[in-house]
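J.: Predicted model and sequence follow; I will ask about them next.
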Amino acid sequence: MIRGAEKTIRRMRLGSQPGEVLDRSRQFVFTWNGQKYPAFGGDTIISALTAAGERVFSRSFKYHRPRGLLTASFLDPGCNVQVGDEPNVRGAHRKVEPHMEVRAQNVWPSLHFDARAANRYLGRFLPPGFYYKTFMKPQRLWPLYEKVLQRFAGGGQASPDTPYGYYDKRYAHPDVVVAGGGPAGMAAAVATAEAGARVMLVEDEHELGGHLRWGDESDLAALRELREEVEAAPGIEVLTDSVVTGRYDDNWVAIMQRGLPDVEERLIKARAKTLVVAPGLIERPYVFENNDLPGVMLSTAVRRLINLYAVKPGERAVVLTANLEGDAVVEDLERAGVEVARIEDARNGGDVVRVRGGKGVREIECGDGTRIECDLLVTATGWTAPTSLLNMAGDKPVYSAKAARFFPSELPQGVLATGGIMGDGTLDEFLDHARATGKEAARRAGKIGGALRSSIPQATDAEESSAEGPAETPALPVYEHPKLFRGRTHGIVDYSEDVSSKDLVAAVKEGYDSSELAKRYTTATMGPTQGKLETVNTVAVIAEATGRSIGETGTTTWRPPYAPITLGALAGRNFEPVRYSPMQSWHERHGAEPLVAGAWIRSDHYGDPHAEVRNVRENVGIIDVTPLGKLDLRGPDVPELLNLLYVNKWSNLEVGKVRYGVMCAEDGVILDDGVTGRLGPEHYLMTTTSSGAAAVYEWIEDWLQTYRPDWQIHVTPMTSAYASINIAGPNSRELLARVADDVDLSTEAFPYMNVRTGTVAGVEGCFMWRIGFTGELSYEIHVPSAYGLYVWETLMDRGADLGVRPFGVEAQRILRLEKGHFIVGQDTDALTQGFGAGLDWAIKLDKEDFVGKPELEWQSERNGYFRLVGLQPHDGSVVPLEASQIVEGNTIAGRITSSRFSPTLGRSICLGFVAPHLTKPGTTVTVQLPDGSRVTATVMEHHTHYDPEGVKARG
Amino acid sequence: MILLPCPHCGPRNVSEFRYAGETGPRPNPNSTTPQEWRDYLYTVDNPAGWTTEKWFHGTGCRRYFVVERNTVTNEVRDSRLPATQLENSP
């Protein structure tokens, strides 16, 4: 077997093992820290390296102690490596691939000579929580401290050049999810499937089988049988290299699926009816001096190495065993040609005091003082129940002193547990328990499914759910187990965070004497292993130091994720839905600058917004206002609704007429505004602001459904059913006349604030409003959206000689500001009650009832509220930034809400809030610009700066 | 991610709904006092236990409904269409 010291020779590789996962027909090469190493298909990174004789794989987080293989599983704390640009790869789980480039993390300059190991001599200056006590003063040195501490921080390297891989998500609705694919999980899944349920069986390792995979001949035979049963059972979906990583309310289960050929990681969100938790048990390390030296391994690690990967773990071993699994490892070692120098049986007083060595085990000191030279110490000192998923379901596990581990106590109806987590026993006892659990899981899933179905309204009566009661699940026995947590010396408790038992005792002495406090202060259980290996030892040391029992001390709370999950999997694919009007393609072809308005893409301008403003005032412009909220209201009680929700009166609106309305909320704050027109005796059309369209619909529905369900009103949102175009300017009537085939547009027949229906450019069923946001003669037409682009292009075509040009949102903002029209949400905020915006003329307090009436009444009786006024800076070339503060000395007396340069007036114009004593027209106020300079402005008489009589719009 | 039973659509993920507040009667706007009105606006019971609340099924039937939910355990006990406020107002 041993042929020499060359790294490329497989020094520690054994011959074929009956249960090995290797594919010896696939041999290839990969690199580790720049050197080439051989591997077989099926090897993990660490198994291949161990086969080549390597033992040191990393340096610990704080003290940079050499670390090697401890558990040979996903959790192995010393086996985190860098693969290419991927940091923190679990080397004892990840399969090695040809040409893989693997590097050690957190080492400098190299793995074998790490200068930062000097930290060990600074041990007494780096106690737990040292960062709370050192590197604090002087503050001006913090940038330097940061640089220094960065060098000592552990973990791999993330590259900013890593391409964004493909991650996605999946929604699943299994009847039962079984978390754990060991013998218990497999048997439970089969029983569940045979009872007719659809099952997802989720296993962390690359194949099903759990501990049977590295067991003896009878284990392997049982494994073959179980695998065949799983294959044969209908309705089991098997996911390997996957983890149930979170359990949320109503069995909303997060499963992280790895190892898919085309997907980096997939996050499965499963709504399961029942969850069966069968995670097995995790072997616990023993705490003693130098327990973290390479060459100290758990019994399960050794059995995995020998039986799964055909790797000899060492030459000469001492075994510390406290249970049957530990006894079994002796046989495996002897079969692998390892000399077993000594067996310390903890059940008979055997113990290991300390280990000596530099970069690996050299000598072991046994309980009776004997010192034995060897290179391998195997410990089998106990088991930890991974109860995380059960905690997430609300269970608080209970400590059993007899078994020296925690057990589940009270599970909710939808969650069951089986396997080692529930007790001990022979394989047959476990399989019986698992089958009974699986059957019960299916029965409960049926009941839950029935309850869910019966809460869906049915046309016919729902089926009677099965009257079968719960079956008997035989309880598993609980064997006695010696209590082995910390030996006679101090050692590492949390391998990932480099927290020793001494650190925990010191923390308790400093007053951090509970699990919660000691965990946070020392960071024990907060590293990559997240407590799975170290929680119980941590609790045991704290208990010892405080004189309490383990049960009294208790554990901290487990939270999702149970296994690490990439941000890519959480993000999934990147969807960003946008909404376009039917005229979008025209806007793009004509150089529109896009504006993101919520989910809508609008046109901000077409190159020169000031020219667009001038064109509207002089000729005619058209703007795409499709996002404007449109609601169709029908029924005899619509005026009641309008009276309730608007502040003004609506009972006498005639057919064909339009009125402007403002909605306030129950606190009197302005919610939305728009125009509503009456199209027929029981038919109205309401418009809202673009951003308020969805909210106003829900607002109306709330009042109709929960306050006045007796009103006969039907509301239909029509925002995207109609394309909306505003035609504004002195030539707008002429332009519309060229396309409106059957409507008389003369001012006598179609006055200001009226609505008509008719045909536009041959398109029937259009609405035409004569309203005036811009202050010019203008019409707003609503066209069934399929014809929007056609009508737009027709207008552009027919109006060429009239000077028609498109105008965008920016130009519209300027035009409306020239007319002093406020925008809800821009010129009002979440505290602006009705009278503050100058709506005195609209608020009819003599109405019987309307939303917000009490608050508006009380506001009208007060005088101390800020008011919206028109403002003009004295220097017309200064355009104050919106939200600039209005100040009196150093007191805030208001703010600018809207501000633009007006091409029509050739000067800057604003709207803003000012304190009550500053509202008199002619008052000079001081505006502080963001750069700190101050300018003066005059309070104007009206909000409008242009055409105060409103002659143009009414013409 | 709790399941909420919509009376029209059956049990759906809570992400389909918008929470619309605790239920309670609207005081008479003409005889109310500022104290009573602001209590109606801002004071919520927020019990640790059973509460009655309103939800809106935004990405479903777009109807409002009322559920009784336990804020500690997230059990839902009853789901019904809203009772008319008029029956409760003074």
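T.: Cool, got the structure. These numbers were taken from a predicted model, which means no experiment stands behind them.

J.: from here on, contacts and neighbour counts on C-alpha atoms
T.: Fine.

J.: Give me the contact status of the lowest-mean-pLDDT helix or strand in chain B with chain A.
T.: In chain B, no helix or strand scores lower on mean pLDDT, DSSP states H and E than strand B:76-80, which sits at a mean of 87. No: with CA under 8 Å from any CA of the partner chain as the criterion, chain A is not reached by strand B:76-80; the gap is at least 9.2 Å.

J.: In three-state terms, label A:Ala191 for me.
T.: helix (DSSP: H, G, I helix; E, B strand; the rest coil).

J.: show me what contacts it?
T.: Counting by CA atoms under 8 Å, 6 or more residues apart in numbering or on different chains, A:Ala191 touches A:Arg435, A:Ala436, A:Gly438, A:Lys439.

J.: Report pLDDT for it.
T.: Per-residue pLDDT puts A:Ala191 at 97.

J.: If you drop the residues flanking it in sequence, what lies closest to the residue of chain B found nearest chain A?
T.: Taking CA to the nearest CA, chain A has its nearest neighbour within chain B at B:Gly10, 4.0 Å off. Computed as CA to CA, 6 or more residues apart in numbering or on different chains, the closest residue to B:Gly10 that is not its neighbour in sequence is A:Ile456, at 4.0 Å.

J.: and that neighbour, what helix or strand is that in?
T.: Per DSSP states H and E, A:Ile456 falls between elements, in no helix or strand.

J.: cool, and A:Glu544?
T.: helix A:535-546.

J.: And that helix, what's buried?
T.: By neighbour count on 16 or more other CA atoms under 10 Å in any protein chain shown, the buried set for helix A:535-546 is A:Thr535, A:Val536, A:Asn537, A:Thr538, A:Val539, A:Ala540, A:Val541, A:Ile542, A:Ala543, A:Ala545.

J.: for the record, mean pLDDT for that helix?
T.: Here the average pLDDT along helix A:535-546 is 95.

J.: ok, back up a step: what number of residues lie near the residue nearest to B:Gly10?
T.: 16 (other CA atoms under 10 Å in any protein chain shown).

J.: Same question for A:Ser933.
T.: Counted with other CA under 10 Å, A:Ser933 comes out at 8.

J.: do the same with A:Val287
T.: Neighbours of A:Val287 using other CA under 10 Å come to 29.

J.: Next, work out how far apart it and A:Ala380 are.
T.: From A:Val287 across to A:Ala380, the span is 12 Å (CA to CA, to the nearest Å).

J.: Same check on A:Cys664?
T.: 72 Å.

J.: Start and end of stretch B:43-53, how far apart?
T.: 14 Å.

J.: the strands in chain B, which residues?
T.: Per DSSP state E, chain B carries strands over the ranges B:3-6, B:10-13, B:18-22, B:50-56, B:64-70, B:76-80.

J.: picking up where we left off before, neighbouring contacts of the helix holding A:Glu544?
T.: Under CA under 8 Å, 6+ apart, the answer for helix A:535-546 is A:287, A:384, A:405, A:485-486, A:493-494, A:501, A:504-505, A:508, A:513-515, A:524-525, A:549-550, A:553-555.

J.: Now, of these, which are buried?
T.: A:287, A:384, A:405, A:485-486, A:493-494, A:501, A:504-505, A:508, A:513-515, A:524-525, A:550, A:553-555.

J.: quick one: contacts for residue 22?
T.: Let's take chain A. Here A:Leu22 is in contact with A:Phe40, A:Gly41, A:Gly42, A:Asp43, A:Leu308, A:Tyr309 (criterion: CA under 8 Å, 6+ apart).

J.: Can you look at chain B instead?
T.: Here B:Glu22 is in contact with B:Val44, B:Thr51, B:Thr52, B:Glu53, B:Lys54 (CA under 8 Å, 6+ apart).

J.: Great, nothing more from me.
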